[in-house]
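Peer 1: kindly generate the corresponding structure for this input.
(4 chains)
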Protein chains: 2
Amino acid sequence: MQKKYLRIYNDLVKRIQSNSWTIGDLLPSENELAAQYDTSRETIRKALDLLSQNGYIQKVRGKGSVIINRNQFSFPVSGIESFTELTEKMALNSRTIVHSIKYLDPKNESMEILKGNPNEKVWNVNRIREIDGEKVILDKDYFNDKYIPLLTEEICQGSIYNYIENELGLVIGFAQKEIVVENPTEEDRELLDLEGFSNVVVIRSQVHLDDASLFQITESRHRPDKFRFVDFARRVKN
Amino acid sequence: MQKKYLRIYNDLVKRIQSNSWTIGDLLPSENELAAQYDTSRETIRKALDLLSQNGYIQKVRGKGSVIINRNQFSFPVSGIESFTELTEKMALNSRTIVHSIKYLDPKNESMEILKGNPNEKVWNVNRIREIDGEKVILDKDYFNDKYIPLLTEEICQGSIYNYIENELGLVIGFAQKEIVVENPTEEDRELLDLEGFSNVVVIRSQVHLDDASLFQITESRHRPDKFRFVDFARRVKN
DNA sequence: GAGTGGTCTAGACCACGAC
DNA sequence: TCGTGGTCTAGACCACTCA
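Peer 2: Below you'll find the model as predicted:
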């Protein structure tokens, strides 16, 4: 038995994406939807809140819920998404090269944040992402071995996130992400096709599980012409 | 009379920021908070949802609400925030130079998106942001004159957002933002202290009002060493 | 088993927009 | 005035964690 408000949300997303309404149209009112889906208004409101958060509608008091145009930009990277999810969605011609897998003692590597107990170690994976035959992204990932006891080349070759969520049953909760532009390191120059570019875009993130524990630190280093970040944001209210 | 859940949210933020709890601590349970604030549990849950969205807590089923560390990175730019708000928050030594104010016919300027009726025009403001004596950001803003009938140099010198929200009474709803790295234009080289940098970071956004109407397009061009973007994201659920 | 957060309900009153 | 979304309530049942 799926959650009712999620079922309604998914149904409405489907109806919006199939152009049942056009941009600027109003959704049926909350009371009408409550009747249609045979549920209470608060449950409808939960589904509509999700639609609003994800940029499908804008609620206007006294009027209704307006369908808005979310996909002004074509490369949806808002939120946490893995490279594999992304390339699948965009149908990019891509390849992943596992460059190295190491099992480190964090106290030697200035990765103090990741260590919980002093005898916990850290997995480090470096992967190169090739798009259309060019090496344009270097992903450096660090995992606490408390959560990921073993990493093999096969796992790293596929989607580590898929492995984590579906095989290990861990649930990602939230991430903090930082985007800056830096000078390329020796390693960048060696592993990527930088072609004279004098900068790389670096995305550093700390990924936490459902129970708020930090389990991964990543550094994703992009050739600047292949970088694009898209964000959908609501104005912060008081 | 302020909204109850907002009052509770603000109170809890204050208590968190004053270190009433440390990272990893549990908030009082929802039932206990409901009693403390003399309200229903659903109202408490609204306040906690806000805390969660804004990265103060992570709710864990069966356990409680965990205080999490939001400020691993020090430059909070997530969401929609204006340059003036930012510099104030960071206490930066900054200055704004209004370079030009123009009143344009959008059909000549490939700004078709902004025009609603054919006789509406568009305000264009170019401003240079100086930090510590260096010209490092070029902001190019375009406003539909339906919403902003008049822009003066004085308004542009201060915070346009402040003017819009407090003087005109307009309410910002949401924005779509895109971040890419580009080659500097002639204008960038002329107006900014680029010092041999061969890239600029460009943030393009479309800002919509509360009623979902598009009223502003902006392009913010940053010298790469002075650019930093921070994001707090929750994992998308199905 | 006790306590936690997650979902859902049926109803109430309010602020706002359109007519 | 009527319909809309926004807030708030009191209660119910469930799924989960932990002792």
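
Peer 1: C-alpha only now, for contacts and for neighbours.
Peer 2: OK.

Peer 1: can you name the residues bridging to A:V200?
Peer 2: Under DSSP bridges, the beta-bridge partners of A:V200 are A:E182.

Peer 1: so it touches A:R223, yeah?
Peer 2: Yes. In this structure, A:V200 is within contact of A:R223 by C-alpha atoms under 8 Å, at 5.2 Å.

Peer 1: show me which of these two is the more surrounded one.
Peer 2: Set A:V200 next to A:R223 and count neighbours by other C-alpha atoms under 10 Å in any protein chain shown: A:V200 wins out with 26 against 23.

Peer 1: how far away is the more buried one from B:F143?
Peer 2: From A:V200 across to B:F143, the span is 33 Å (C-alpha to C-alpha, to the nearest Å).

Peer 1: now do the strands in chain A.
Peer 2: A:57-60, A:64-67, A:94-104, A:122-131, A:134-144, A:172-182, A:200-209, A:214-222, A:229-234 (DSSP state E).

Peer 1: give the buried residues for the fifth one.
Peer 2: Within strand A:134-144, the residues that count as buried by 16 or more other C-alpha atoms under 10 Å in any protein chain shown are A:135-144.

Peer 1: try the first one
Peer 2: Of the residues in strand A:57-60, those with enough neighbours to count as buried (16+ other C-alpha under 10 Å) are A:57-59.

Peer 1: and that strand, what does it pack against?
Peer 2: Here strand A:57-60 touches helix A:41-53, strand A:64-67, going by 3 or more C-alpha pairs under 8 Å, 6 or more residues apart in numbering or on different chains; DSSP states H and E.

Peer 1: near chain B, anything from the first one?
Peer 2: No. When contact is scored as C-alpha under 8 Å from any C-alpha of the partner chain, no part of helix A:41-53 falls within range of chain B; the minimum is 9.9 Å.

Peer 1: what's in contact with that helix?
Peer 2: Where contact means C-alpha atoms under 8 Å, 6 or more residues apart in numbering or on different chains, the residues beyond helix A:41-53 that reach it are A:4-6, A:8-9, A:13, A:30-31, A:33-34, A:57-59, A:234.

Peer 1: and DNA strand D, which of those contact it?
Peer 2: With the criterion set as C-alpha under 7 Å from any atom of the strand, the members of the contacts of helix A:41-53 near DNA strand D are A:30-31, A:59.

Peer 1: closest to DNA strand D among these?
Peer 2: If you rank those by distance to DNA strand D using C-alpha to the nearest atom of the strand, A:E30 comes first, at 3.7 Å.

Peer 1: what's the local residue count around A:E165?
Peer 2: So A:E165, with other C-alpha under 10 Å, has 12 neighbours.

Peer 1: and chain A, which residues reach chain B?
Peer 2: Selection of chain A residues close to chain B by C-alpha under 8 Å from any C-alpha yields A:6, A:58-60, A:66, A:68, A:70, A:72-73, A:79-80, A:172-182, A:198-199, A:210-212, A:224-225, A:227-236, A:238.

Peer 1: buried ones among those residues?
Peer 2: Buried members of those, scored by 16+ other C-alpha under 10 Å, are A:6, A:58-59, A:66, A:68, A:70, A:79-80, A:172-181, A:199, A:210-212, A:224-225, A:227, A:229-235.

Peer 1: if I pick A:F232, what's in contact with it?
Peer 2: If you count contacts by C-alpha under 8 Å, 6+ apart, A:F232 has them with A:54-55, A:78, B:174-177.

Peer 1: quick one: least confident of those?
Peer 2: Taking pLDDT as the measure, those have their low point at A:S78 (47).
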